[in-house]
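**Q** Provide a 3D model corresponding to the input given below.
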Amino acid sequence: MKRLLIILQDLRGGGAEKMMVRLASALTDAGNDVTLLMLTDTGVNSACIDPRVKRVELHSVRSSRAVPALVRFLRHNRFDAQLAALTHVNVVAIVAAALSGTLARLHVSERNAFSHDKHVNPALAVRTAYLLAPLLYRLIPNPVICVSRGVAQDLVDTTITRAQDVTIADNPVLDNDFRDKAPGRPKHRWLSKKTTPVIVAVGRLARQKGFDVLIDAFARLADPSARLIIFGEGALRTELLEQAIALGVADRFDLPGYTSDPLAEVAAADCFVLSSRFEGSPNALVEAMSTGTPVVSTHCPYGPQEILDNGAIAPLVAVDNPDALAQAITVELTLSRDANRQARIDAAARFVSACAAKTYLDALLTHY
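**A** The predicted model follows:
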């Protein structure tokens, strides 16, 4: 049994946080003693933590101020391996590990397209972290764990990070027995009592997710009875609702907020759409595929191309192209729901928790 530590900022509703909670459980299943440490506070994903996983909160006002407390924690609690997730947390963890003498056991992970993600948050501390991270990635003893080949290559192509400074590990998106589990019952009224075609999307209401393009594409569909639901919360809620009104589709469009069981909603839909402008490895796309529901995705950097085998599994369309997106959705709604269904499920199976845990353990315990 190895003692493993996962370092996060908090446990809010982001994909990275959800995946680290799932990874903690998978590593525990593999016979390890796992601790989840949050630099600031908890969040909605705390409800999903495996009871066997230990939990620590440093209650720092912000991540950058958590270094002293993290140094003390690392000095008094020796772990066999430490894993940090998200760029600004990686920088904090590297500094703390260096000061605590545990740098040889630290691994950091990049969850998104670095060259795109660095422009999202204008806060000075975050911008500084993105400037420092590539230099630190060259200096630390262990390679950066990236969630896809595209994320790894982007880091190498757009920063001073070298090919030998990166490695790849898939996200633990699905339960090992996902094929044997029936989906839950959808709660949304358009899905629980479906009378017309329903398109769904899941994600933060942020520019990265391209929901403005999806609404534009939805307005161009020939079927006036089709409906669109986007599950998620974020800063663009008002803007997206106003766009739907302007395009005359507000009565067929809904933003119900965050859902605790997205698989149940997606499984009942007629088509799932990933409209992102960039990603790292889109978990929502894998989850949708696991239900067998038809999917359409943008050919965004990075992840969809790998997950969908260059479009062999499901359509890939250009980013920011509502016409192409509308056409692809129309085709999927026209085809039989079972068309290529097994291929989607089989492609999703690559992302089961047990496979991810093994890959991460191989990376985290290379010095043993």
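**Q** which residue sits closest to Pro221, ignoring its sequence neighbours?
**A** Quick fix: residue 221 is Leu, not Pro. Closest residue to Leu221 apart from its sequence neighbours, by CB to CB, 6 or more residues apart in numbering: Ala326 at 5.7 Å. In short, each C-beta sits where N, CA and C put it, glycine included.
**Q** Wait, the one you found touches Ile215, no?
**A** No - using CB atoms under 8 Å, Ala326 is not in contact with Ile215, being 10.8 Å away.
**Q** How many neighbouring residues does Pro322 have?
**A** Counted by other CB atoms under 10 Å, the residues lying close to Pro322 total 19.
**Q** quick one: Asn142 and Leu106 touch, right?
**A** Yes - shown here, Asn142 and Leu106 form a contact pair, counting by CB under 8 Å, at 6.7 Å.
**Q** So for these two, which residue has more residues nearby?
**A** Counting neighbours by other CB under 10 Å for Asn142 and for Leu106 shows that Leu106 has the greater number, 25 against 21.
**Q** separation between the more buried one and Arg22?
**A** 21 Å (CB to CB, to the nearest Å).
**Q** Mind checking what secondary structure the residue nearest to Leu221 has?
**A** The three-state label given to Ala326 by DSSP: H, G, I helix; E, B strand; the rest coil is helix.
**Q** Tell me which residues touch it, please.
**A** The contact partners of Ala326, by CB atoms under 8 Å, 6 or more residues apart in numbering, come to 217-218, 220-221.
**Q** Swap in 10 Å and give it another go.
**A** 213-214, 216-222, 296, 317 (CB atoms under 10 Å, 6 or more residues apart in numbering).
**Q** By neighbours, which of those wins?
**A** In terms of neighbours by other CB under 10 Å, the contacts of Ala326 top out with Val296 at 31 neighbours.
**Q** Local confidence estimate at the closest residue to that residue other than its chain neighbours?
**A** Distance criterion CB to CB, 6+ apart; nearest residue to Val296, sequence neighbours excluded, is Ala328 at 4.6 Å. Looking at Ala328, its pLDDT stands at 98.
**Q** Ala328 and Phe272 touch, don't they?
**A** No - with contacts counted by CB atoms under 10 Å, Ala328 stays clear of Phe272, the gap being 11.9 Å.
**Q** Between those two, which has more neighbouring residues?
**A** Shown here are Ala328 and Phe272; by other CB under 10 Å, Phe272 has more neighbours (27 against 22).
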